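**Q** Using only what follows, build the 3D model:
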Amino acid sequence: MHCAPQLAYGGNKTVTVRDSCLRWQFMLVLVLAVSVFPVSLAAQEPGSPDAAQAPVANSPANQPAAEPQAAMISGTVEDQSGAVNVGAKIRLTRDGQTAVQEAVSGANGEFSFTEVAPGPFHLEITSTGFVTQDFSGELQPGQFFIVPLINLTVSGGATEVRVGGSTVEVAEQQVKIEETQRVFGFIPNFYVSYDPDPVPLNARQKFELAWKSTTDPVTIVGTAFLAGLEQAADDYSGYGQGMQGYGKRFGSAYADVFSGTFIGSAILPSIFKQDPRYFYRGTGTTGSRVGYALANSVICKGDNQHWQPNYSLVLGSFASAGLSYVYYPKSDRTVGLFVQNSLLKLAESSLAGVMQEFVVRRLTPRRDQR
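**A** Numbers count the residues shown, from 1 in each chain. As a prediction, the model looks like this:
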């Protein structure tokens, strides 16, 4: 469902020991995961209205008048820059009636209401970070009413995420918030979105997030620690021992992180127009949330807001593993290890999704607490 959620440094690793760059972080919080599986309550469906009373006589005077033909309302929401506004909320109210109909603008900014009774109506259009707009009109029986183009202006007093005018500006604000997310206050957790209405990233923002993740001091320290474990276990013995051997292990480990992150979370997502982040769900039954999280390694959200096969992560895992053959000792360049660690990366992505869904949010202080 979502591309490459990355708890520590978001990269694609290519060897079993180096894959623990993320795994050691998961293990830190796995102990805390036992009692944090929330269960959502299902919403109750409203009851049906009472049946209408039948006429008392079969005469023209007592027969009910024919109901007027229902009408339809449609329109488009944009921001002041001319970009479509995705996720704007539109409320339809009628004079003298308490019932309210609601709609949300889609990927093209459009919204519609069907089966609307004729007569005066009122629309209220709201979007976080923008000034609320109102529109009133009157429907004729059977009319297809097209609302004039709705342009939302930025709210000067807005304090939430959406303070920018265009979709690009809104995404930039969301990225800045994500770059402040750290498990326990220090482990980077940049590749997850807790925003209930996220917008897609452009290519520049995907590369920005990858650079921020790979150059974070905790990423470098974590890589150095794992290189030390490899040195102590004499993994990749072709590198030798001593400071020279340690330097080679650290360099190859960091190359795994760097190449994996940029290939799987920036380059390929820009080519395939896919989003590399994990989108926190937080609702539904425990089983449905587990399934949603596990599917993260093979399904992600595209820049068009539709779910699709996760080409970026799957191909990125194998591409990063293939690139590692340039700097691994010859004795470790085996096809079996290449396939094994590529598949292991996909499995770790699924595990990361489960951790994000049930554990990590509770341990990640954020500016956008809701």
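
**Q** can you give me the strands for the stretch 201-350 of the chain?
**A** With DSSP state E, counting those that start in this stretch as the definition, the stretch 201-350 of the chain shows strands at residue ranges 278-279, 299-301, 307-309.

**Q** closest to residue 235 out of those strands?
**A** Of all the strands of the stretch 201-350 of the chain, strand 278-279 sits nearest to residue 235, with 29.7 Å by C-beta to C-beta. Using the backbone N, CA and C atoms, a C-beta is placed for each residue, glycine as well.

**Q** what packs against that closest one?
**A** strand 192-193, helix 335-358 (3 or more C-beta pairs under 8 Å, 6 or more residues apart in numbering; DSSP states H and E).

**Q** Show the low-confidence segments of the stretch 51-200 of the chain, by residue range.
**A** Counting by pLDDT under 70, the stretch 51-200 of the chain contains low-confidence residues at 51-68, 155-166.

**Q** at 80 instead, please
**A** In the predicted model of the stretch 51-200 of the chain, residues 51-68, 80-82, 96-98, 154-167, 196-197 satisfy pLDDT under 80.

**Q** What residues of stretch 215-231 count as buried?
**A** The neighbour-count criterion (16 or more other C-beta atoms under 10 Å) identifies 216, 218-219, 222-223, 226-227, 230-231 as the buried residues of stretch 215-231.

**Q** could you redo those residues as TSV and give each row pLDDT and distance to residue 242?
**A** As requested, the buried residues of stretch 215-231 are arranged in TSV below (pLDDT from 0 to 100; distance: C-beta to C-beta, whole Å):
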residue	pLDDT	distance to residue 242
216	95	28
218	95	27
219	95	25
222	94	22
223	94	19
226	92	18
227	91	13
230	90	14
231	91	9
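
**Q** quick one: pLDDT of the residue nearest in space to the middle of the chain?
**A** What sits nearest the mean C-alpha location of the chain, by C-alpha atoms, centre = their mean, is residue 279, with 2.9 Å. Residue 279 is assigned a pLDDT of 93 by the prediction.

**Q** That one and residue 191 touch, don't they?
**A** No - counting by C-beta atoms under 8 Å, residue 191 is not a contact partner of residue 279; they are 10.4 Å apart.

**Q** do you know how far the residue nearest to the centre of the chain is from residue 170?
**A** For residue 279, the distance to residue 170 equals 15 Å [C-beta to C-beta, to the nearest Å].

**Q** How is residue 137 assigned, secondary-structure-wise?
**A** strand (DSSP: H, G, I helix; E, B strand; the rest coil).

**Q** tell me the contacts of it?
**A** Residues near residue 137 by C-beta atoms under 8 Å, 6 or more residues apart in numbering: 120-121, 123, 145, 147.

**Q** can I get those in a markdown table with neighbour count?
**A** As requested, these are exported to a markdown table (neighbours: other C-beta atoms under 10 Å):
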| residue | neighbour count |
| --- | --- |
| 120 | 12 |
| 121 | 22 |
| 123 | 21 |
| 145 | 17 |
| 147 | 18 |
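
**Q** ok, which pair from those residues is furthest apart?
**A** Set against one another by C-beta to C-beta, those have their most distant pair in 120 and 147, with a gap of 14.1 Å.

**Q** residue ranges for the helices of the stretch 101-250 of the chain, please.
**A** If you assign secondary structure with DSSP state H, counting those that start in this stretch, the helices in the stretch 101-250 of the chain sit at 167-178, 203-214, 217-233, 242-262.

**Q** Let's have these in JSON lines, adding distance to residue 364.
**A** What follows is the helices of the stretch 101-250 of the chain, written out as JSON lines (distance: least, C-beta to C-beta, whole Å):
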{"stretch": "helix 167-178", "distance to residue 364": "10"}
{"stretch": "helix 203-214", "distance to residue 364": "15"}
{"stretch": "helix 217-233", "distance to residue 364": "14"}
{"stretch": "helix 242-262", "distance to residue 364": "19"}
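
**Q** Which among those helices is found nearest to residue 128?
**A** Nearest of those to residue 128, taken as C-beta to C-beta: helix 167-178 at 8.8 Å.

**Q** then that closest one to PDB, C-alphas only?
**A** This file holds the C-alpha atoms of helix 167-178, laid out as PDB (Å, rounded to 0.1, in the frame of the first residue of the first chain):
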ATOM      1  CA  THR A 167      -0.500  21.800  -4.000                       C
ATOM      2  CA  VAL A 168       3.300  22.100  -4.200                       C
ATOM      3  CA  GLU A 169       3.500  24.500  -1.300                       C
ATOM      4  CA  VAL A 170       1.100  22.400   0.800                       C
ATOM      5  CA  ALA A 171       3.300  19.300   0.100                       C
ATOM      6  CA  GLU A 172       6.400  21.300   1.100                       C
ATOM      7  CA  GLN A 173       4.800  22.100   4.500                       C
ATOM      8  CA  GLN A 174       4.000  18.500   5.000                       C
ATOM      9  CA  VAL A 175       7.500  17.400   4.200                       C
ATOM     10  CA  LYS A 176       8.900  19.900   6.700                       C
ATOM     11  CA  ILE A 177       6.700  18.400   9.400                       C
ATOM     12  CA  GLU A 178       7.700  14.900   8.400                       C
END
